[in-house]
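1. From the sequence below, what's the structure:
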Amino acid sequence: MGNHDGIHFDGFGTVIGSLALRPRSSTEGVDGSLEVWLQPHRVWDSGTLIAFYNPQSPSLFSLNQSLSDLELRSGTRLQVYLAGALRRLAPIFITITSGAQGTAIYVDGALAEKMPDVQSPAHDVSGEIVLGDSPRQSRTWRGQIFGIAVYYCDLAAPQVLRHFRTWTQYGRPQIADDEDNVALYLFDEHTGNVVHNRSVAGADLHIPERYVVVDQAFLEPIWKEFEISPSYWVNALKNIVGFVPLGFCFYSYFLSSGIKTPALFTVVFGTLVSLTIEVLQSYLPTRDSGTTDLVTNTLGTWLGVASSRLLVRVRCRFPWLDWSVVRK
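-> Have a look, this model is predicted:
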């Protein structure tokens with residue numbers, strides 16, 4: 001953003017860390033804190049704000065927008081859900097702290113939610129930073145990010161408030177030496193494709209020339225794709241309905257062609273069509289390649305076959321109906 005500090009995400013875009021953040025030593029524990037200063041584009045959007053990618057770790061620590069709500073996830077598991085946190089289309093300063101006392105979320109320096117029984121995987125917040133998108137699958141986000149900071153310590157409430165006030169007033173937080181700051185991105189370059197880490201040398205962020213997905217998944221298993229969200233079930237329903245006409249039409253075609261098992265042949269055909277689509281989508285960064293679509297498309301094909309068989313039975317039972325009139 002040339003006129004002031006920040007970066008603007010619109011459509012398919014991402015920012016990727018050049019290096020992973022400094023790994024923790026065996027004596028540092030697992031305490032951690034994350035500060036993100038941002039503004040969403042719309043309250044009815046969904047996407048990943050920031051994720052930490054580590055190819056050696058099965059879990060993935062990510063902060064996501066789900067309509068007007070804020071979600072903190074570890075892999076596919078929802079850990080923290082803050083309803084209505086993003087309902088205002090205005091800059092918002094979010095701080096997430098985690099340690100022995102549990103996890104806490106602060107909004108604009110004030111405590112919004114405290115979960116003593118939730119331990120966020122702070123040790124995973126040491127990988128490669130990905131902004132505006134999710135690794136492995138495209139989950140792009142729209143909005144503006146004005147600053148990001150990562151600490152290997154559990155910030156206390158007075159520290160959170162101090163950082164919020166100094167950052168929003170002076171353009172950078174007042175960080176003490178004992179707060180173990182490992183990443184500080186002010187987005188004050190105003191041009192170019194590099195965002196510098198102002199805390200320590202290295203681990204800068206880069207804007208790729210073309211949109212890419214870090215380690216894009218190939219036929220991601222259904223148990224990894226599954227999530228309890230409206231968008232997931234809407235997409236599943238679309239995939240089912242979209243393949244019903246294929247099952248309906250090709251069952252009639254294979255039946256008239258004299259194939260002995262037209263129903264089985266049609267379902268297998270629908271599965272192969274879906275598999276071809278998913279394989280090809282693995283080469284497109286704007287598309288997802290997963291087995292969920294494979295299952296839902298096959299189900300849609302079977303429903304199309306069932307509908308076609310039902311229509312055949314109805315026609316046989318009521319041969320006196322003028323089907324030419326029905327078709328019209």
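
2. Return the residues in contact with the closest residue to D178 other than its chain neighbours.
-> Distances taken as CB to CB, 6 or more residues apart in numbering place C153 nearest to D178, at 7.6 Å, with adjacent residues excluded. Every C-beta, even on glycine, is put in place using the N, C-alpha and C of the backbone. Listed by CB atoms under 8 Å, 6 or more residues apart in numbering, the contact partners of C153 are D31, G32, S33, G99, D178, E179, D180.

3. how far away is C153 from G99?
-> Shown here: C153 relative to G99, a distance of 8 Å by CB to CB, to the nearest Å.

4. can you give me the helices in this protein?
-> 157-170, 222-225, 230-256, 262-281, 291-317, 323-327 (DSSP state H).

5. show me where pLDDT drops low in the chain?
-> Scanning the chain for pLDDT under 70 picks out 23-29, 57-59, 75-78, 119-126, 229, 319-328.

6. Thought A236 was touching F226, still the case?
-> No - with contact defined as CB atoms under 8 Å, F226 does not reach A236; the gap is 9.6 Å.

7. what about those two, which has more around it?
-> Higher neighbour count among F226 and A236: A236, with 18 against 13, using other CB atoms under 10 Å.

8. Hmm, the more buried one is touching L299, no?
-> No - contact criterion CB under 8 Å: A236 and L299 do not qualify, at 9.1 Å.

9. Give the residues shared as contacts by those two.
-> Counting by CB under 8 Å, 6+ apart, nothing touches both A236 and L299.

10. Only the buried subset of the contacts of C153, as a ChimeraX command please.
-> Under the burial definition 16 or more other CB atoms under 10 Å, those of those that qualify are selected in ChimeraX by:
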select :31,32,33,99,179,180
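
11. Could you dump the contacts of C153 into a markdown table and include distance to T168?
-> Shown next, in a markdown table, are those (distance: CB to CB, whole Å):
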| residue | distance to T168 |
| --- | --- |
| D31 | 25 |
| G32 | 22 |
| S33 | 17 |
| G99 | 25 |
| D178 | 23 |
| E179 | 18 |
| D180 | 22 |
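
12. Quick check: of the contacts of C153, which lies closest to F9?
-> The shortest approach to F9 among the contacts of C153 belongs to S33, at 23.3 Å (CB to CB).

13. V267 versus the closest one, what's the distance?
-> 52 Å.

14. Then I148?
-> 48 Å.

15. neighbour count winner among these two?
-> Per other CB under 10 Å, whichever of I148 and V267 has more neighbours is I148, with 24 against 20.

16. just to revisit the earlier point, give me the common contacts of F226 and A236.
-> With contacts defined as CB under 8 Å, 6+ apart, the residues shared by F226 and A236 are T292.

17. Report the buried residues of stretch 173-184.
-> P173, I175, E179, D180, N181, V182, A183, L184.

18. need the residues you listed in JSON lines with distance to G109, can you?
-> Converted to JSON lines, the buried residues of stretch 173-184 look like this (distance: CB to CB, whole Å):
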{"residue": "P173", "distance to G109": "11"}
{"residue": "I175", "distance to G109": "15"}
{"residue": "E179", "distance to G109": "16"}
{"residue": "D180", "distance to G109": "20"}
{"residue": "N181", "distance to G109": "17"}
{"residue": "V182", "distance to G109": "22"}
{"residue": "A183", "distance to G109": "20"}
{"residue": "L184", "distance to G109": "18"}
